[in-house]
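**Q** Requesting a structural model of the entry that follows:
(one chain, ligands or ions: 2)
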Amino acid sequence: MKVLLVGSGGREHAMAWRIAASPLCDRLFAAPGNPGVAQHAECVDIDAEDVDAVAKFAISNRIDLTVVGPEDPLAGGLVDRIEAAGLKAFGPVAAAARLEGDKAFAKHLMRQHAIPTAEARIFDDFETATEYVLTRTEPLVVKAAGLAKGKGAYVCNDPEQALDAVREIMKDRVHGAAGDQVVIEQRLSGPEVSVLAFTDGRTIYMMESAQDHKAVGEGDTGPNTGGMGAYCPAPVATDKVLGQVEREVLVPVVDAMRRAGVTYKGILYAGMMLTPGGPRVLEFNCRFGDPEAQPILMRLKSDLLATLLAVANNRLDEVTLEWDPRPAVCVVMASGGYPGKYAKGKPIAGIEAAESEPDVKVFQAGTKRAGGQVVSSGGRVLGVTALGKTIRDAQKQAYAAVDKIHFEGGFCRRDIAAKAIK
Ligand code: AMP
Ligand code: GLY
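**A** Ligands and ions are numbered 1, 2, ... in the order given. Reported below is the predicted structural model:
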């Protein structure tokens, strides 16, 4: 079959690697891909967010399955467009992707269905939001309601920080229209875990748990990023916790959507905090996490493409997922300055040397080809991922691989997976 993969990050490199390995895959295209993706796919120069152009390519090439990596084209209705043309796609339609793209919608849905989450208020103007913050004494989290590249949540220690966050989002509009509304919620505490599940709208099949590292600095300090590293599985996600998340979160969400006339198909990702009062939802995503996909797919032994196809065909009940028992750790190497301003175009050395170890993969994220070489072209540049007998061993392998790679200004967090080892 002919497959089109939409996206250009480390997640998509990992997806391309696994899709291309499927015996079902005759031809894999990527829009737009990157030099890592190009090891497995024919890259076409179409921006992932250009829904019209991607849909046109899929339709005119009679693509059998379009697999959408990132959230923007999902929220923009790419799957709706492809399905309307009688073709298949993996990912939720726009009405379902709202669960990620509109945090106010997600909060309402959770409130209506008693799904455990932080208490929150939603505001659509700066003055009222500010007045509300001034009446609060407890720690708050301020979030832009729309899509903000993973950078729209501000975890605040005091009211001044919360006021600054509201100002940045609503007045300075640093996230653009994503800041038309803000969600201001109670600050929770506890370990975090990402629970991802495939669903075809009826069957829900949980993947192995993972943990992201959102903050830029070691010890979870500094501003939030798209994710500085991840590991899989997350020891905090015991069977009991996962059972609870399935019963109290995943099942009610998919059911609620279906009752509202929306079949949720694709990946449902629940970002959870394990609070003393039980697991609470921090956010939903409607796709693989990036970088969670890298360690998760490193461990997936089953045919990814067959699974994606089963979801598209409403046959997820026929799938059994098998996992490599060894844990995986992914360390993100980022450009100096990220998540603020950073330089691009720095030549990257050592990828091949790093991948010379059998259980190491270097997933490329913000890279491009310039002249004969691979250079940096984004904030998160590489996701260096390793399997190991234990998490500690996987971590050791991942950092040994990181140490073979160099680009000017490049940095990483040195404590990825430390929480799982303590
Ligand atoms: P989000 O984009 O909503 O997942 O938020 C990004 C990150 O901010 C999460 O991974 C948490 O580390 C943190 N966060 C979000 N909501 C809360 C909350 N209510 N309490 C504490 N931390 C939070
Ligand atoms: N790593 C978090 C996300 O993909 O949103």
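
**Q** what about the closest residue to ligand 2 within the stretch 101-250 of the chain, how many neighbours?
**A** Of all residues in the stretch 101-250 of the chain, Gly227 sits closest to ligand 2, at 3.5 Å by Cβ to the nearest ligand atom. All C-beta atoms are positioned from the backbone trio N, CA, C, and that covers glycine. For Gly227, the count of nearby residues is 23 (other Cβ atoms under 10 Å).

**Q** for Tyr338, same thing?
**A** So Tyr338, with other Cβ under 10 Å, has 22 neighbours.

**Q** which non-adjacent residue is nearest it?
**A** Spatial nearest neighbour of Tyr338, excluding adjacent residues (Cβ to Cβ, 6 or more residues apart in numbering): Gly379 at 3.7 Å.

**Q** Get me the contact residues on this structure for ligand 1.
**A** 118, 141, 143, 153, 155, 185, 187-188, 192, 214, 224, 271, 282-283 (Cβ under 6 Å from any ligand atom).

**Q** so who does the nearest residue to Thr390 once chain neighbours are set aside touch?
**A** Leaving out its chain neighbours, the residue that sits closest to Thr390 by Cβ to Cβ, 6+ apart is Pro327, at 6.7 Å. Counting by Cβ atoms under 8 Å, 6 or more residues apart in numbering, Pro327 touches 231-233, 295, 299, 387-388, 390-391, 394, 420.

**Q** can you list the residues you listed in JSON lines and add pLDDT and secondary structure?
**A** Shown next, in JSON lines, are the contacts of Pro327 (pLDDT from 0 to 100; DSSP: H, G, I helix; E, B strand; the rest coil):
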{"residue": "Tyr231", "pLDDT": "98", "secondary structure": "strand"}
{"residue": "Cys232", "pLDDT": "98", "secondary structure": "strand"}
{"residue": "Pro233", "pLDDT": "98", "secondary structure": "coil"}
{"residue": "Pro295", "pLDDT": "98", "secondary structure": "helix"}
{"residue": "Arg299", "pLDDT": "98", "secondary structure": "helix"}
{"residue": "Leu387", "pLDDT": "98", "secondary structure": "strand"}
{"residue": "Gly388", "pLDDT": "98", "secondary structure": "coil"}
{"residue": "Thr390", "pLDDT": "98", "secondary structure": "coil"}
{"residue": "Ile391", "pLDDT": "98", "secondary structure": "helix"}
{"residue": "Ala394", "pLDDT": "98", "secondary structure": "helix"}
{"residue": "Ala420", "pLDDT": "95", "secondary structure": "helix"}
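
**Q** could you flag which of those residues are buried?
**A** Buried members of the contacts of Pro327, counted by 16 or more other Cβ atoms under 10 Å: 231-233, 295, 299, 387-388, 391, 394, 420.
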